[in-house]
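1. fold the following and give me the result.
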Amino acid sequence: MNKEIIAAEVAEQDFERFADAMDLDLDETKMSEEDLSSFRPQKERLLRAISNGHLIFNDEGEPIYTPYRKASKSKEPITFHERTGADLMALDSGKKGQDVKKMMNMMASMCRTHPKTFAGLAGEDIKVCEALFTLLMV
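-> Here you go, the predicted structure:
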């Protein structure tokens, strides 16, 4: 279990700064029940990662996640840059039906790394990266 090193209120403020910087519309009052049931667990996961010090944000509001799980092959920080058209084109690099590969290719493009970076992550590490990716796709 990770120890909270950043107060919950500060984590919430960091999350809001991230949403603003990335121009994400995360207004829960505008979300359907289905969207809320999907969004809230992802947000809680990210707030936990912020509180535990594994997720920080640079001056541009881009998330930087540092894997910590023992089973993860990489412990290097991963920066999620703002999505570009070129990142979207990475979805074309997989064949029909290879949705996970396409997602990993796009995450790697956004993070300027290799898809193997994500393939080697375990447990909470890959879940946080997937949550970030999901929000950045909004």
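
2. hey, which helix or strand in this structure has the poorest pLDDT?
-> When the helices and strands of the chain are compared on mean pLDDT, DSSP states H and E, helix 85-89 comes out lowest with a mean of 79.

3. for it, which positions count as buried?
-> For helix 85-89, burial by neighbour count (16 or more other CB atoms under 10 Å) applies to D87. For glycine as for every other residue, the C-beta is placed from the backbone atoms N, C-alpha and C.

4. what about the strands in the chain?
-> Here the chain has its strands, by DSSP state E, at 55-57, 63-65, 78-79.

5. restricting to C-alpha, output the helix ranked longest in the chain in PDB.
-> In the chain, with assignment by DSSP state H, the single longest helix is helix 33-51. Once non-C-alpha atoms are left out, helix 33-51 reads as follows in PDB (Å, rounded to 0.1, in the frame of the first residue of the first chain):
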ATOM      1  CA  GLU A  33     -25.000   8.400 -15.400                       C
ATOM      2  CA  GLU A  34     -23.100   6.000 -17.600                       C
ATOM      3  CA  ASP A  35     -20.400   8.600 -18.200                       C
ATOM      4  CA  LEU A  36     -20.200   9.300 -14.500                       C
ATOM      5  CA  SER A  37     -19.900   5.600 -13.600                       C
ATOM      6  CA  SER A  38     -17.000   5.300 -16.000                       C
ATOM      7  CA  PHE A  39     -15.300   8.700 -15.100                       C
ATOM      8  CA  ARG A  40     -15.400   8.600 -11.300                       C
ATOM      9  CA  PRO A  41     -13.200   5.400 -10.800                       C
ATOM     10  CA  GLN A  42     -10.700   6.800 -13.300                       C
ATOM     11  CA  LYS A  43     -10.500  10.100 -11.500                       C
ATOM     12  CA  GLU A  44     -10.200   8.400  -8.100                       C
ATOM     13  CA  ARG A  45      -7.300   6.300  -9.500                       C
ATOM     14  CA  LEU A  46      -5.500   9.400 -10.700                       C
ATOM     15  CA  LEU A  47      -6.100  11.300  -7.400                       C
ATOM     16  CA  ARG A  48      -4.600   8.300  -5.600                       C
ATOM     17  CA  ALA A  49      -1.600   8.400  -7.900                       C
ATOM     18  CA  ILE A  50      -1.200  12.100  -7.300                       C
ATOM     19  CA  SER A  51      -1.600  11.700  -3.500                       C
END
